[in-house]
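Engineer: next input, structure requested:
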Amino acid sequence: MDKNNVAINFDDIRPVNNDEVKDAIEELIANEDLVRAIGYIKPNLNWEEFSEIMRSCKTKEEFKARMAYDAVMTIAKATTFSLTVSGKSRLPKDNAPCTFVSNHRDIVLDASFLNVILYDVGYGMTQVAIGDNLLIRSWIKTLVRLNNSFIVKRGVGVRQMLEVSGTLSAYIHHTIKETKESVWIAQREGRAKDSDDRTQNSILKMFNIAGKEGNILDNIISLNIVPVSISYEYDPCDFLKAKEFQQKRDDEAFVKTQRDDLLNMETGILNDKGRVHFTICSPINDALSKLDRNMDKNELYSAIANIIDREIFKHYRFYPHNYVAFDILNNTRRFSDNYSIKDKKKFEEYLQGQLDKIVIPNKDEAFLKSKILEMYSNPLKNQLENQD
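Structural biologist: Residues are numbered from 1 along each chain as shown. Below you'll find the predicted structure:
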């Protein structure tokens, strides 16, 4: 099957086809909002020259390799101290397609950073699952589809959910098995704002829908899941996440606006992240094959989720402030050998600076502080609780 011409029933969620690239690029070039957005990343950019480079891209592969790669690396150089990877030897041999399932810290950059890392090691970029709630502007939708993203529909009614999930499942199976491309999807819907990274059973149930009935394990094994563990030294959105925790605590009906989503995207992209590390974890098919096929369905999904989670927990990269946050939150000195007095002072100053950014009625600083401390200590806590 031609990988650039996906079946028509996927048209409302698939990336653009290569015969649609030219029109997509012209649409982007004509959009003034995109011009302003690119200006934040490349303030000295000559738009006419940039437009001609875009027009020279005739396929999605060329666009990803030239435009997307350069944009992501520009962000990495400006906002990270380092972007590193380990576990490259665990990647499937001969570029065999797989489903990368990772924890989720940043709305935009988790998958973007992974793709440039994969490109650099010669594996090839993935198709990326992105929620339609983030496609706030028409140019964003065009850009992500041009950049080989497929759309996850959210906020649909109960009646539509099974159909939507079935289409998404069929598309992922199609992409892995027919077009032979890898995909990336987060282990849960939305970011784990407290960094308590847990794979949602609903994601695994969605994977299974398009497979053979009554054969959950084989259906999920066929997707070749490879967990990825992502560790940011600093989460630029930590104060926004803490703010949202208080807003939801104080108002059960609170719902983020599109403006909130845009602010989270902008903050995550443009602000300092320190050291960023990705670990390619062990593929899970061997572990899956050892599970009891007669297990209750929900127990089986939970067992699969646990296998993914343990891989992610095991391969976190920790920084001094993860240990500092754990000790402050738990009022201990358990990890004092892992940081210096200077490290602790630096993190405490950082923490206060993030708290000072939060403007909210009835600001509960003690609560907000505890939520940020949880964000930085939960990965360590989960690794400790899941050690063999």
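
Engineer: quick one, strands of the protein?
Structural biologist: Along the chain, the stretches classed as strands by DSSP state E are 80-86, 99-102, 127-131, 149-152, 183-186, 225-232, 274-280.

Engineer: keeping just the C-alphas, turn the first one into CSV.
Structural biologist: Provided in CSV are the C-alpha atoms of strand 80-86 (Å, rounded to 0.1, in the frame of the first residue of the first chain):
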residue,chain,number,x,y,z
THR,A,80,17.9,23.5,27.1
PHE,A,81,21.4,23.0,28.6
SER,A,82,21.5,19.6,26.9
LEU,A,83,19.3,17.2,25.0
THR,A,84,20.5,13.6,25.3
VAL,A,85,19.4,10.0,24.8
SER,A,86,20.3,6.6,26.1
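
Engineer: partner strands of it, parallel or antiparallel?
Structural biologist: Strand pairing for strand 80-86, using DSSP bridges, gives strand 274-280 (parallel).

Engineer: if you count neighbours, what's buried in the partner strand?
Structural biologist: For strand 274-280, a neighbour-count test (16 or more other CB atoms under 10 Å) marks 274, 276-280 as buried. Quick note: C-beta positions are derived from backbone N, CA and C, even for glycine.

Engineer: just give me the closest of the residues you listed to residue 175.
Structural biologist: Distance to residue 175 across the buried residues of strand 274-280 (CB to CB) is lowest for residue 280, with 19.3 Å.

Engineer: how about the closest one, nearest residue that isn't a chain neighbour?
Structural biologist: Of all residues not flanking residue 280 in the chain, residue 87 sits nearest, at 3.5 Å (CB to CB, 6 or more residues apart in numbering).

Engineer: who's in contact with that neighbour?
Structural biologist: 279-281, 315 (CB atoms under 8 Å, 6 or more residues apart in numbering).

Engineer: can I get the buried residues of strand 274-280 in TSV including distance to residue 377 and pLDDT?
Structural biologist: Formatted as TSV, the buried residues of strand 274-280 follow (distance: CB to CB, whole Å; pLDDT from 0 to 100):
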residue	distance to residue 377	pLDDT
274	16	98
276	19	98
277	18	98
278	21	98
279	19	98
280	25	98
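
Engineer: now those residues as a markdown table including distance to residue 297?
Structural biologist: Output for those, formatted as a markdown table (distance: CB to CB, whole Å):
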| residue | distance to residue 297 |
| --- | --- |
| 274 | 42 |
| 276 | 37 |
| 277 | 35 |
| 278 | 32 |
| 279 | 30 |
| 280 | 29 |
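
Engineer: tell me which of the residues you listed is nearest to residue 353?
Structural biologist: Nearest to residue 353 among these, with distances taken as CB to CB, is residue 274, at 13.8 Å.

Engineer: give me every residue that touches that closest one.
Structural biologist: Residue 274 neighbours (CB under 8 Å, 6+ apart): 80-81, 232-234, 319.

Engineer: so which of those residues is the most crowded?
Structural biologist: Counting neighbours by other CB atoms under 10 Å, residue 232 leads the contacts of residue 274 with 24 neighbours.

Engineer: so that one is in contact with residue 106, correct?
Structural biologist: Yes - at 7.2 Å, residue 232 counts as touching residue 106 under the criterion of CB atoms under 8 Å.

Engineer: list the residues that contact both of the two?
Structural biologist: Contacts common to residue 232 and residue 106, judged by CB under 8 Å, 6+ apart, are residue 273.

Engineer: closest to residue 287 out of the buried residues of strand 274-280?
Structural biologist: Checking these one by one against residue 287 (CB to CB), the nearest turns out to be residue 280, at 15.7 Å.
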